[in-house]
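Peer 1: sharing a model prediction with you, sequence too.
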Amino acid sequence: MARPLSKIAPDWWDYTTLDKEILTDAAKLTADDMLAMSREGFKVVFYDTLAEFYLAEALEYTEAWRRATADNPVGICGPIGPTEQLPLVARLVNAMDLSLKNAHFWGMASSSRMRLKHNSMSALANDSGWSKGASDSPMTHSSM
């Protein structure tokens, strides 16, 4: 059976293309049902505000990059949406003077823009690679 056409983006698939039975079952879930789905490697968390959610997302990025080493680099594939946490990520990285030498970021959306500072170099991470100043670096460019 083919998926229905998306009501949001006809050339893509999303929650509006899911089987109606799945959506009906999901709509019946209570908060306790969802919390009970937590297990090793998968944690369900509720936030009271969008601001808390975006900060939690930003902290996940910075905590992962903080643990990155030359032997164990860390890469994060940025979301198609939401992207409101990305300015927070940039501010945290800059405020913490966090080295991104062994960190990678792949932005999935043209709005995935973060102003990052590494040592004295400023860079802009976007969907076409790392930008330094006014020119984009090629996608084959190594981490900063």
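Peer 2: Cool, the structure landed. In this text the structure is predicted, and so the values were computed from the model without any measurement.

Peer 1: sketch out the low-pLDDT regions of the protein for me.
Peer 2: Segments of the chain classed as low confidence (criterion: pLDDT under 70) are 1, 108-144.

Peer 1: heading C-terminal from the lengthiest helix in it, find the next helix or strand.
Peer 2: What stands out as the longest helix in the chain, according to DSSP state H, is helix 50-66. Using DSSP states H and E, the next helix or strand after helix 50-66 towards the C-terminus is strand 74-77.

Peer 1: what sits against Leu92?
Peer 2: By Cβ atoms under 8 Å, 6 or more residues apart in numbering, the residues touching Leu92 are 58-59, 61-62, 98. Using the backbone N, CA and C atoms, a C-beta is placed for each residue, glycine as well.

Peer 1: pop out the phi and psi values for the most centrally placed residue in the chain.
Peer 2: In the chain, the residue lying closest to the centroid (Cα atoms, centre = their mean) is Gly78, at 3.6 Å. Phi and psi for Gly78, reported as degrees, to the nearest 10, are phi -70, psi 150.

Peer 1: surely it touches Gln85?
Peer 2: No - Gly78 lies out of contact with Gln85 (Cβ atoms under 8 Å); the separation is 9.3 Å.

Peer 1: that older thread, contacts for the longest helix of the chain next, please.
Peer 2: Contacts of helix 50-66 (Cβ under 8 Å, 6+ apart): 45, 47, 74, 76, 82, 84-86, 88-89, 92-93, 96, 98, 100, 103, 105.
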